[in-house]
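J.: how would this look folded up:
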Amino acid sequence: EEDLAHPGLRALLGALRQAPAGVAPEALMAELPGEAERGLLAALLMEQASEADLHNQVTEWQKRYDIRRRKKQIRELSLAITQAQAKGDPVIAILESELRKLQDQARAVRGMVTER
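T.: Residues are numbered from 1 along each chain as shown. Take a look at the predicted model:
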């Protein structure tokens with residue numbers, strides 16, 4: 001979310017992140033903190049040609065957010081591993097295991113995105 005400069009879009013992304021998969025975009029209205037954010041969502045909803053397009057776009061945003069979040073976690077874990085190696089910290093094995101899990105999840109998500 002910190003990657004977005006627009007506060008309304010940050011609020012929308014936060015609501016998307018917390019929403020269960022497949023939630024109707026209109027249901028996010030109640031989750032938004034203010035009138036400006038609800039107005040932004042309403043404008044985005046009205047721009048859409050069809051409900052199927054809207055659902056696909058929201059799903060795509062969720063996938064992209066998930067990919068960005070995983071990339072950030074991978075960078076953070078890689079840095080932690082480098083620092084642990086420099087210190088000779090025994091936690092390296094745990095960090096490497098977490099990194100492998102994240103990389104596997106990232107590959108799976110990338111596969112879902114490229115299959116569309």
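
J.: List the buried residues for the helix or strand hosting R75?
T.: When elements are defined using DSSP states H and E, R75 is found to belong to helix 51-87. Of all the residues in helix 51-87, those buried under the rule 16 or more other Cβ atoms under 10 Å are 54, 58-59, 61-62, 65-66, 70, 74, 77, 80-81, 84. For every residue, glycine as well, the C-beta is placed using N, CA and C.

J.: now those residues in CSV, with pLDDT?
T.: Listed next are the buried residues of helix 51-87 as CSV, based on pLDDT from 0 to 100:
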residue, pLDDT
L54, 73
V58, 81
T59, 83
W61, 83
Q62, 84
Y65, 83
D66, 82
R70, 84
I74, 87
L77, 89
A80, 90
I81, 90
A84, 89
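
J.: quick one: low-confidence parts of this structure?
T.: For the chain, residues meeting the criterion pLDDT under 70 lie at 1-4, 47-52, 112-116.

J.: phi, psi of the residue lying farthest from the centre of it?
T.: Among the C-alpha atoms of the chain, the one most distant from their mean position (Cα atoms, centre = their mean) is that of G88, at 33.2 Å. Dihedral angles phi and psi of G88 (degrees, to the nearest 10) take the values phi 70, psi 30.

J.: Just after the helix holding R75, pick out the following helix or strand.
T.: helix 92-115.

J.: So which bits of that next one are buried?
T.: Taking 16+ other Cβ under 10 Å as the neighbour-count basis, helix 92-115 is seen to contain the buried residues 92, 95-96, 99, 102, 106, 109.
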